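> Structural data only, the sequence is not supplied:
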C-alpha cells in the first residue's frame, strides 16, 4: 500500500475518531468539563512525552521550552486549545452536540478568513461566496435558538486562532503539542488538587471512573497522531475535504442518539453550510495541480 493510500486511511481514521468523541465524553459526565480537560491534558502529556523520548526528540523540545519567545507562543496556543476543549466537552455534556458540530463545520471558513486578515492570503470569488454562505448559516439559526449560537462561533474562532498561533510559531506538530501539554500540566494538576477533596475524588471515586479519565489521553492523542501522518502524506486539498467527516458524525450522534432538536431553521442552517462546503470542495478540486 502506498504512503498516500495509508495517509488517506489515517485521515479518515482521525476525523472518524474526532467525530465519535462525544460518545466518550458522555462516559465521563461524572466530572465537570474543566476537570475532564485537566485529565485530558495530563494523560496526553504522558503519551506524547513517551513517544518523544522513544523517537529521541526530547532535546529539541527542551530547546523550544528554553526560548522565551517560543514558550510564549506555545503557552498562548495551549491556552486556546484548552479553552476549545473545555467548551466542546461542556457542550457535549449539556446536550449541545449539534451546535458543537456546527462550530467545526465553520472552522475551515474561519481559517480562510483569518488567513486573509493575518497572513494576507488572497481568496477567489468562489471562496468568498463559500465564506458568506457559511456565516449566513450561523445567522439563520438566530430565530430558532432565540440567541446567537455562541458555542459554535467560539469553537470555530478559538480553533482558528489556535491555527494562527501555530503558524506563527516554529515548533513541529508533535513536539508543539507535547510542549503545550507540558506548560498546561501544572495548571491542570493544580486545578484537580483544588477541586478535589481527596486523590480518589480527583479520579472520580472509583477504578472504573479512573480508567475512563486516564483513557482520555489516548482518546486525544490517537486522532492527532493519525492526523499528523495524514498531513505528511496526502494533499492538503484532500485533507480539507475529509475533515468534514468529523462534524457530520457529531451531528448524527447529537440528533439520532441523544435526541437533540433539529428544527427547520437548523436544517436550513446546515443546508447553507453544506452548500458552502460544496463550493469549497469544487474550488479546491478545480485548483488542484494535475
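Okay, I see it. Since we're looking at a predicted model, the values are computed, not measured.

> average pLDDT for whatever helix or strand residue 132 lives in?
Secondary structure assignment for residue 132, by DSSP states H and E: helix 125-139. Across helix 125-139, the average pLDDT comes to 79.

> And for stretch 42-58?
Average pLDDT, stretch 42-58: 89.

> next one: stretch 250-267
Rounded mean pLDDT across stretch 250-267 is 90.

> Likewise for stretch 205-220?
The pLDDT scores in stretch 205-220 average 94.

> got the buried residues for that stretch?
Buried residues in stretch 205-220, defined by neighbour count with 16 or more other CB atoms under 10 Å: 209, 212, 213, 215, 216, 217, 219, 220. Glycine gets a C-beta too; all of them are placed from N, C-alpha and C.

> So which of those residues is the closest to residue 154?
Using CB to CB, residue 220 comes nearest to residue 154 of the buried residues of stretch 205-220, at 19.7 Å.

> Look up the closest residue to the closest one, ignoring the ones flanking it.
residue 44 (4.7 Å; CB to CB, 6 or more residues apart in numbering).

> What residues of the host helix or strand of the one you found count as buried?
Assessed by DSSP H and E, residue 44 sits inside helix 33-54. By 16+ other CB under 10 Å, the buried positions in helix 33-54 come out as 33-45, 47-49, 52.

> Where do the helices of the stretch 101-250 of the chain begin and end?
125-139, 142-145, 150-168, 173-195, 199-202, 207-233, 236-242, 245-252 (DSSP state H, counting those that start in this stretch).

> What average pLDDT does the third one get?
Just to be clear, that refers to helix 150-168. For helix 150-168, mean pLDDT rounds to 85.

> List the contacts of it.
For helix 150-168, contacts defined as CB atoms under 8 Å, 6 or more residues apart in numbering pick out 73, 76-77, 80-81, 83-84, 87-88, 91, 96, 99-100, 102-104, 106-107, 109-111, 113-114, 118-119, 138, 173, 176.

> re the thing from before, by contact count, what packs against the next helix or strand after the helix holding residue 44?
On the C-terminal side of helix 33-54, the closest following helix or strand by DSSP H and E is helix 58-66. Counting contacts by 3 or more CB pairs under 8 Å, 6 or more residues apart in numbering; DSSP states H and E, helix 58-66 packs against helix 68-93, helix 173-195.
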